[in-house]
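S.K.: Sharing a sequence plus its predicted fold:
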2 protein chains.
Amino acid sequence: MARIENLNLSQQVTNELGRAIIAGEFNAESGLPTEAQLCDEYGISRTAVREAVKMLAAKGLISSRPRQGIRVEPASNWNLYDTSVLKWMLDSSPSMLVLKEFLQMRMAIEPQAAALAAEYGTDEDIQHIADALDEMNKAAADPKASMHEADLAFHTSILFASRNRFFFQLRDFIRTALSVSIQHTTPAKGNDMGVAEDHAKIYTAILNRQPERAKNMMTYLIDEAMTFIEAEIKGAK
Amino acid sequence: MARIENLNLSQQVTNELGRAIIAGEFNAESGLPTEAQLCDEYGISRTAVREAVKMLAAKGLISSRPRQGIRVEPASNWNLYDTSVLKWMLDSSPSMLVLKEFLQMRMAIEPQAAALAAEYGTDEDIQHIADALDEMNKAAADPKASMHEADLAFHTSILFASRNRFFFQLRDFIRTALSVSIQHTTPAKGNDMGVAEDHAKIYTAILNRQPERAKNMMTYLIDEAMTFIEAEIKGAK
DNA sequence: ATTACACATATTGTATTATAATATGCTTTA
DNA sequence: TAAAGCATATTATAATACAATATGTGTAAT
């Protein structure tokens, strides 16, 4: 087990087991080792093992019952919107497989969020979007600055401005999806300014309280990534 | 504590504390009682209390550190897509407040899911949609049959047919949103047949592999509920 | 007076042991 | 063959002890 400083024992075991479960290292029928076996394996007390098991159960990965042991739940029950679960997923499966699914989700969430931001975002919310856009422009001019971080901040600030807690709750998911997306599309760019302009159009639409336009501009932005990825998938065949 | 048969102790405490946290019964600054106090309060061992605390921490509701105690996390960290968390939320806050947010999310997710279903759903997936539609038609004719259940099955089957695990993962969320939605819109209906026809149009579009049309029909369906709710909110003022 | 250091203290973190509850399979019996 | 009961493996809960970790307090040094 990779002992990580600053995390307590049960959290480390949670990490290790969570990763292993999602990587498919446990047979779905036979399930996990018993608590006693896990104690031996990791050289820790049952207290720590049980707390780890409870945390994984809370995330929908496993369930445990007396005499039956610890079973892996069907993947359809895993809480994919849990940050840890999402991380374990990306660690284990080649990101190309989920990249398209990510983009499909972004295509559902972000245009709608942009429209809601245009309709309900406060002036302060919209100022935060402007701030992120400024950072992106700076980064486009100055290679030292981080375009990536500014990009994430831009999209997150729009989720926040939607004034809908369910949209904002997806910020980690969207950030992850966006990061993976960027990693795959960046090689082909060289047009930082063009991307920045596309983002600016979204911001302007929100500022001018044009929900439909904001939605369309966001759809366009994501569709560019989608087109690129589909070509890449096709090419890989 | 309402002791529920068939749930073990730590799960019952998790339920009770989760409910109380989301209902705002704990001061955000002072946090929760210490483990020792919780033991006294519920008359249970530290083992059970700690396991409950770990489960709640896994859902993002709390965090605990030595010497500092158990703190309530900011609501923005709560995992709203966890079924339990969602349930606690609906139990505590008047559903009217979240109903519009639910509909905004449905408006993002479901039209896109319908489009994906039309593009990627297998024939078998689409048959399941047809089955649910049949049930809805039966229920429209026969008052004994449950329209509600058939309606939920219809929407769920489309999420499944999207062939995107992130969409399907939202099934509990969508089902909850839809249930709340129905509770508020049903009084004004009397047009079960009209609703069933709207659903049929979505199905037909998916069957004929028309993603755009499927999306539009689903948008129309949800927009009807949205219009109704907005009128109700306006009327309540 | 202010800073730095050490120490006391409260609270969670981990370990250990013991017992209870529960479900599964096997054996016995009718 | 079926039903009842018993053995057993595994998790569930409890109780106790000690370790680790922050937080504040007081004391000493500058």
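M.R.: Received it, and whenever you're ready, just let me know what you need.
S.K.: how about the residues of chain A that lie near DNA strand D?
M.R.: A:34-36, A:46-47, A:50, A:53, A:64-70 (CB under 7 Å from any atom of the strand). Where C-beta positions appear, they are placed from N, C-alpha and C, glycine not excepted.
S.K.: now those as a markdown table including neighbour count?
M.R.: As requested, the residues of chain A next to DNA strand D are exported to a markdown table (neighbours: other CB atoms under 10 Å in any protein chain shown):
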| residue | neighbour count |
| --- | --- |
| A:34 | 13 |
| A:35 | 16 |
| A:36 | 10 |
| A:46 | 13 |
| A:47 | 15 |
| A:50 | 21 |
| A:53 | 25 |
| A:64 | 18 |
| A:65 | 9 |
| A:66 | 6 |
| A:67 | 4 |
| A:68 | 9 |
| A:69 | 16 |
| A:70 | 23 |
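S.K.: Please flag which of the residues you listed sit within strands.
M.R.: By the criterion of DSSP state E, membership of the residues of chain A next to DNA strand D in strands covers A:64, A:65, A:69, A:70.
S.K.: What is the most widely separated pair among those residues?
M.R.: Farthest-apart pair in these is A:65 and A:70; separation 8.7 Å (CB to CB).
S.K.: Nearest residue to residue A:76 in space, ignoring adjacent ones along the chain?
M.R.: Spatial nearest neighbour of residue A:76, excluding adjacent residues (CB to CB, 6 or more residues apart in numbering or on different chains): residue B:168 at 6.7 Å.
S.K.: residues touching that neighbour, list them.
M.R.: Counting by CB atoms under 8 Å, 6 or more residues apart in numbering or on different chains, residue B:168 touches A:76, B:159, B:160, B:162.
S.K.: Quick one: list the elements packing against the helix or strand where residue A:205 lies.
M.R.: For residue A:205, the host element (DSSP states H and E) is helix A:192-207. Packing partners of helix A:192-207 (3 or more CB pairs under 8 Å, 6 or more residues apart in numbering or on different chains; DSSP states H and E): helix A:95-120, helix A:123-141, helix A:147-161, helix A:211-236.
S.K.: Quick one: residues in contact with that helix.
M.R.: Taking CB under 8 Å, 6+ apart as the rule, helix A:192-207 contacts A:114, A:117-118, A:121, A:126, A:129-130, A:133, A:136-137, A:139-140, A:147, A:151, A:154, A:158, A:161, A:189, A:211, A:213-214, A:216-218, A:220-221, A:224.
S.K.: Would you show me how to pick out the buried ones of the residues you listed in ChimeraX?
M.R.: In ChimeraX, this line selects whichever of the contacts of helix A:192-207 come out buried by 16 or more other CB atoms under 10 Å in any protein chain shown:
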select /A:114,117,118,121,126,129,130,133,136,137,139,140,147,151,154,158,161,211,213,214,216,217,218,221
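S.K.: follow-up on the earlier one: closest to residue B:9 out of the contacts of residue B:168?
M.R.: Of the contacts of residue B:168, the one sitting nearest to residue B:9 (CB to CB) turns out to be residue A:76, at 28.2 Å.
S.K.: I'd say the closest one and residue B:170 touch.
M.R.: No - contact criterion CB atoms under 8 Å: residue A:76 and residue B:170 do not qualify, at 11.6 Å.
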